[in-house]
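In: After the sequence you'll find the predicted model.
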Amino acid sequence: MNLIPITIDDHPLSVPPGTTIFDAAQSIGVNIPILCHHPNLNPIAVCRICVVEVKGSRVLVPACIRQVEKDMVIQTHSPRVQQSRRILTELLLTDHPTPCKKQEQTGDCELERLATAYGIQGSRFARKNGGIGVGKDGSKGNPPLRPYPPTDLSSPVIAVDHDACILCDRCIRACSDLQVNEVIGRAYKGIQTKISFDMDQPMGKSSCVSCGECMAYCPTGALTDKPLTAITDFKNTRPVPSLCPYCGVGCSITYHVADNTIVRVTGRPDGPANQGRLCVKGRYGFDYINHPERLTVPLIRKPEYPKQLNLDKSNGPDYSPREAFREASWEEALELAASKFLRIKQHYGSKALAGFGSAKCSNEDNYLFQKLIRAVFGTNNVDHCTRLCHASSVAALMETIGSGAVSNIFADVLQAQVALVIGANPVENHPVAATFIKQAVKKGTTLIVIDPRYVDLVRHADYFIQFKPGTDVALLNGFLHVIIQEGLINEKFVQERTEGFEKLRETVTAYPPELVEKLTGVSADLVRKIARLYATAERSMIFWGMGISQHSTGTDNARNLVNLALVTGQIGRPGTGLHPLRGQNNVQGASDVGLIPFVYTDYQKVSDPAVKKKFESAWGVPLDPDPGLTVVEIMNEILKGTIKGMYMMGENPFLSDPNINKVKKCLASLEFLVVQDIFLTETAEFADVILPGSSFAEKDGTYTNTDRRVQLARKAIESPGQARVDWQIIADLSTRMGYPMSYASAEEIFREITSLTPSYAGLSYERLAKGGILWPSRTPEDPGTSVLFTETFPSGKGKFIPVEFAPAKELPDADYPFVLNTGRVLQHWHTGTMTRRSKALDEISPEPYVDVNPIDLDRLGIQDGEKVKVSSRRGTITLKARASTRVSPGNVFIPFHFKEAAANVLTNDVLDPYGKIPEFKFCAVSIQKIIPYP
C-alpha cells in the first residue's frame, strides 16, 4: 500500500489512503474536539466543531469527513481554528439549558465540557431567561423564533429534552446505522427543526424499542436515562465490568454501583459480542435485583400447608405463597435437605433422585451442581432448559458433524452474501445479534426469512417465506431437491468431506417443488428461487431458533439444515456455516460443563468406559454408567412414583415446561423438593426447602455465549440478607451429605473445569480478564477458534441424514381448529421471573395476549382487545385477543412469560424421539368469546 505523506501541527507522518484528518491526528495523539462525530458512527460533519486549517484552503475544513491528500499541511489548533470553535460552541449554548440533565446526572455533557475548555460562562447570543422564547420559569424574553420544545417523558426509560438538542444527528445514526431500527429522524425546517420519532410522535408512542442506543450516543442532555432506582445521581458510582444476564448473545456491560445498588447499566465499547450495543432488557432490565420480593433467608414448609393444597384451585391456593413457609437458619435448612436426600437415596436408590440446573447460573455453579448430582446423589438424572430449546439441534449436529456448537460467530453474517434465518425471531429474542444481520443487509447481504409467523426481521428481508406450521422438513427437502436436480451441489466438498449423499439424493427426489407447494403453501417458483440463491452464493449462512427445534420433528428439521450446508459446501469458511441461536445467557456453557444427562463436561459420554474412569479418578467416587433422564422424562417418572426427590437451582418448570397442569401434579407428588432461587417462583411454591441464591450481579463466574465465547463476569454488589452464592450452597450441601467440597473461589472451580474439559483447557481467569475467548482453546497460547470445521469435522466426514416429512403429533380438528405457536416478546425473558420484576420492562409489556388474525376474529365475533378463552386438550387460559396479521388465518400466537395466562397450560408434552424436546411450537387449540353474565 502506498502511504500518503502529510504534516499535522508540524509533525510529519504517512497514513493509508482514505484516512480522515481526524483519524490521522488521533494516530499521533493530537486531540481534535468533536460533537457530531463519534468513531463508531459514519461522519456527517454537521457541527463543524472539528474544523481544521489546511494550507492552501480558503475555508476551514471538517476533520471528521475530509480525507487526507498528498503533502497536506494541517493546523488543528491555530488561532483561526480556535476562534471558530469558540464561536460555534457559544452559538450552540444559546438554546442549551445549563446545566442540562446529562451534566446533572453524569457530569459529562460534551457541549458544556467544551464551553468550560474555552472559558465560556454564557452565550453572548443567548436571549433572556436562558433560551429563545418562553423561559423555563415562565417569563418571556425576546419574541420566539420557534416554539419552545417541550420535554417528552412518554418513554418509560428515556427522557427527551429538545431544548438541549444540538441537532448533531448522533442519535439518528445510532438508531439507523448501529441498531438499524430507523425510528429517529428530523422534522420541520429552519429554526423549528428538531429530532423526531417516526412521524413526530412522542417517543413512548412511537415504534421505538427502548434499546437506549440513541441516549448512549447523545452528547448532551437531549436524551438521558430515566432513573430506575431511588438513586438519581449517576456521577458518584463505581463501575464494574460484567455481562448481560438475559439472552445468549453475551453482551458486555458495565454496572454502575452506589450504596450496594445498581443504578445504571451501560454497554462496553470493547465488548467482543456487542461492540457496546444493548437492548431494552440489557440496559434497563436490572432493577429486579433489588426487588422487595427477593429471597433473603432459607425457608422451610410448614406442616399445616402441604404442597397438595396448591392443586386445589386452578388459580392457586387462597393464601399467599409466603404463608406456607417459615424462616430457618442455613444450618437447619441444609441439614434437613441433606438428611432427606440421603434417606431417599438409601431407601429407594440413587435413581430416585434428580436435579435441574440453570442456564442462568455460571459455569462454576453448574459444574458443581452436576458434580453433586453424579458424585453425591449417584445418578445422571440431571438436566436443564437446553432440553426445552436446542436439544434437538444439538442431537442433529452431533450425529451429522460430531459437534453441537455453532460453526461461526453471528457477526460473521457481515461477510455472508446470503443469510437464511429460519424459525427464529432474533429482533425480539436476540436483539443485538439481529443488529449485525440488519447491518449486513444494508451492506448488500441478501436476507431470506422463513417462518410461519411474520417476525420483525421480515421488515429488512429480501424474501419472506411464510409456510404452514410443522412443514419444515418438506420445505427443506424441496430446497435440496432443486439443488441436486439442477446440479448446484458442491461436488468437491461432497466427495471429499461427506458421506451418505446417494441416500439423500434418493429421499429428496420425492419432493419436487410442486408437491412441496401443496404441503407447505410456498409456491414452487419461490422454492426454486430460494434454493438457487442459497446454493449459488459464494458464502451463505444459516441461523435458526426454536421454531426449528421445538417440534416432535425438531431433530429432523435440524438434520435437514445440516444437509443443506453440506450439499452446498456452505460451512467451514467465514460468512458460511450453521448457527443455532442459543436462548439463555449460559445455555451453551451449562451444556459445556456437563449439565446434560448423557454427557460430562465437553460432551464426553457417560456411557464411555474410558470417560467414566477419567471422572471417577478426578472425583474419587464410582459413577453411574447409564445415561440419565431428561426434563420431561423426569416429570413422567415422578408421576409413576419412580423419582422421589429433586434439587432445582434457578429453574422454573411450572411455567417453562409443557402441559403445566401435569407439571403441577408432578411437583405436588414429590416426596421432597429443594428449590434454590432468588425469588419465590411458581415452582418454589411446591418446595419443602427454599434456599436463597445469588443474582447474576452478586458473584464472580464465567459464562459462554451462543458464539462459544467464554467470558468473565465480576461481582458488583452483595447479596441481600442471608442469600448466598450458588456454588457455595451446593458445596455446603455436598459436604453435609458426606462428600466434602472445599473451594476457596469460583476461580478454583474453573481450574477444575479446565482440567477435565479439553475445549476449555487453555482458558484461565487471568486470560479471560482481558476479554472473552472462543472455545476450543486448548493451550494457554491458543487464541480461540472463530470458524470451526475448516478442514475436517470432529466426526471425520459429515454425514447426510435423509429425513421424511411427518406431520405434527396433534393436528387441528373441529373441536380445536387453530394451531398454537408460543414464544417470547422483546421486553420479557423466559418465565418472567426477572423481567416482570423490572419496572420499565413490565410497564412496556404488562399483560398476556393471544395474536389472532383479523379474519378469524371477525368470524368468531370477537373484537380486538376482548377477553377470550383459549383451550387445548390439556387446559384453558383466559387473556386478551389481539388482532394481528403477523399470524395467518387458522394460527395463533401466545407469549409464555405470563403466569396469569400461562401458555404452557396448553402446550403438548409429546417429545422428539432423539432430542427429547417437547413440541412447544405446535398444538391444536380453540378460541371462545367470553360472554358476560346478564
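Out: Looks like it came in fine.
In: Can you tell me the closest non-neighbouring residue to the most centrally placed residue in the chain?
Out: The centre of the chain sits closest to C247, judged by CA atoms, centre = their mean, with a distance of 2.4 Å. Spatial nearest neighbour of C247, excluding adjacent residues (CB to CB, 6 or more residues apart in numbering): H430 at 5.3 Å. Quick note: C-beta positions are derived from backbone N, CA and C, even for glycine.
In: Next, count neighbours for that neighbour.
Out: Per other CB atoms under 10 Å, the neighbour tally for H430 reads 25.
In: Touching, it and Y246? I think so.
Out: No - here H430 does not reach Y246: they are 9.6 Å apart, not a contact under CB atoms under 8 Å.
In: Tell me if I894 really is in a helix.
Out: No - counting by DSSP: H, G, I helix; E, B strand; the rest coil, I894 falls outside a helix, being strand.
In: got a list of what it touches?
Out: I894 makes contact with 820-822, 848-851, 870, 877, 879, 901, 903, 906 under the criterion CB atoms under 8 Å, 6 or more residues apart in numbering.
In: Would you show me how to pick out the buried ones of these in PyMOL?
Out: Restricted to buried positions by 16 or more other CB atoms under 10 Å, the PyMOL selection for these reads:
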select buried, resi 820+821+822+848+849+850+851+870+877+879+901+903+906
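In: Same list (the contacts of I894) but as CSV, adding pLDDT, distance to A354 and secondary structure.
Out: Putting the contacts of I894 into CSV (pLDDT from 0 to 100; distance: CB to CB, whole Å; DSSP: H, G, I helix; E, B strand; the rest coil) gives the following:
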residue, pLDDT, distance to A354, secondary structure
L820, 97, 29, strand
N821, 97, 30, strand
T822, 96, 25, strand
P848, 96, 30, coil
Y849, 97, 35, strand
V850, 98, 34, strand
D851, 98, 36, strand
V870, 98, 32, strand
I877, 97, 28, strand
L879, 97, 33, strand
A901, 95, 29, helix
A903, 95, 25, helix
L906, 96, 26, coil
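In: Now tabulate the contacts of I894 in a markdown table and tack on distance to A474.
Out: A markdown table is the format used below for the contacts of I894 (distance: CB to CB, whole Å):
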| residue | distance to A474 |
| --- | --- |
| L820 | 20 |
| N821 | 18 |
| T822 | 22 |
| P848 | 32 |
| Y849 | 31 |
| V850 | 27 |
| D851 | 25 |
| V870 | 28 |
| I877 | 31 |
| L879 | 32 |
| A901 | 33 |
| A903 | 26 |
| L906 | 25 |
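In: you'd agree the residue nearest to the centre of the chain is up against W829?
Out: Yes - counting by CB under 8 Å, C247 touches W829, with 7.2 Å between them.
In: Which residues are in contact with each of those two?
Out: Residues within reach of C247 and of W829 at once, by CB under 8 Å, 6+ apart, are K281.
In: send the alpha carbons of stretch 866-874 over as PDB?
Out: Output of stretch 866-874 as PDB, limited to C-alpha atoms (Å, rounded to 0.1, in the frame of the first residue of the first chain):
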ATOM      1  CA  GLU A 866     -61.700  -8.600  24.100                       C
ATOM      2  CA  LYS A 867     -61.000 -11.300  26.700                       C
ATOM      3  CA  VAL A 868     -61.200 -14.900  25.300                       C
ATOM      4  CA  LYS A 869     -60.700 -18.400  26.500                       C
ATOM      5  CA  VAL A 870     -58.000 -20.400  24.700                       C
ATOM      6  CA  SER A 871     -58.300 -24.100  25.300                       C
ATOM      7  CA  SER A 872     -56.400 -27.300  24.300                       C
ATOM      8  CA  ARG A 873     -56.800 -30.900  25.300                       C
ATOM      9  CA  ARG A 874     -54.700 -30.100  28.400                       C
END
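In: Now tell me what touches it from outside.
Out: In contact with stretch 866-874 (CB under 8 Å, 6+ apart) are residues 659, 661-662, 810, 816, 820, 850, 862, 876-881, 892, 894, 905-908, 923-930.
In: Cross these against helices and list the overlap.
Out: Using DSSP state H, 661-662 are the members of the contacts of stretch 866-874 that sit in helices.
In: which of the contacts of stretch 866-874 count as buried?
Out: Here, 16+ other CB under 10 Å leaves 659, 662, 810, 816, 820, 850, 862, 876-877, 879, 881, 892, 894, 905-908, 923-927 buried among the contacts of stretch 866-874.
In: on that earlier part again, next one: phi and psi at the residue nearest to the centre of the chain?
Out: With angles defined as degrees, to the nearest 10, C247 sits at phi -80, psi -180.
In: who's in contact with it?
Out: Counting by CB under 8 Å, 6+ apart, C247 has contacts 281, 429-431, 582-585, 829.
In: again, but for W775
Out: Per CB under 8 Å, 6+ apart, neighbours of W775: 405, 592, 704, 708, 710, 759-760, 763, 784-785.
In: which one of those sits closest to G357?
Out: Closest approach to G357 among those (CB to CB): D592, at 12.3 Å.
In: how many other residues sit next to the closest residue to that closest one other than its chain neighbours?
Out: Closest residue to D592 apart from its sequence neighbours, by CB to CB, 6+ apart: T704 at 5.7 Å. By the measure other CB under 10 Å, the count of residues near T704 is 29.
In: Quick check: T704 touching G589?
Out: Yes - using CB under 8 Å, T704 is in contact with G589, at 3.2 Å.
In: Need the overlap of contacts for the two.
Out: Residues touching both T704 and G589 (CB under 8 Å, 6+ apart) are 363, 710.
In: Which helix runs longest in the chain?
Out: helix 330-348.
In: If you count neighbours, what's buried in that one?
Out: Buried, per 16+ other CB under 10 Å, within helix 330-348: 333-334, 336-338, 340-342, 344-345, 348.
In: ok, P219 - contacts?
Out: Neighbour list for P219: 35, 109-111, 166, 168, 170 [criterion: CB under 8 Å, 6+ apart].
In: Where does the prediction get shaky in this structure?
Out: In the predicted model of the chain, residues 1, 126-149, 312-317, 933-934 satisfy pLDDT under 70.
In: returning to that earlier point: go through the contacts of C247 and name the one nearest S242.
Out: Closest to S242, out of all of the contacts of C247 and judged by CB to CB, is N585, at 11.2 Å.
In: can you count the residues close to that closest one?
Out: The burial count for N585: 30, using other CB under 10 Å.
In: so how far is S845 from L311?
Out: According to CB to CB, to the nearest Å, L311 stands 30 Å off from S845.
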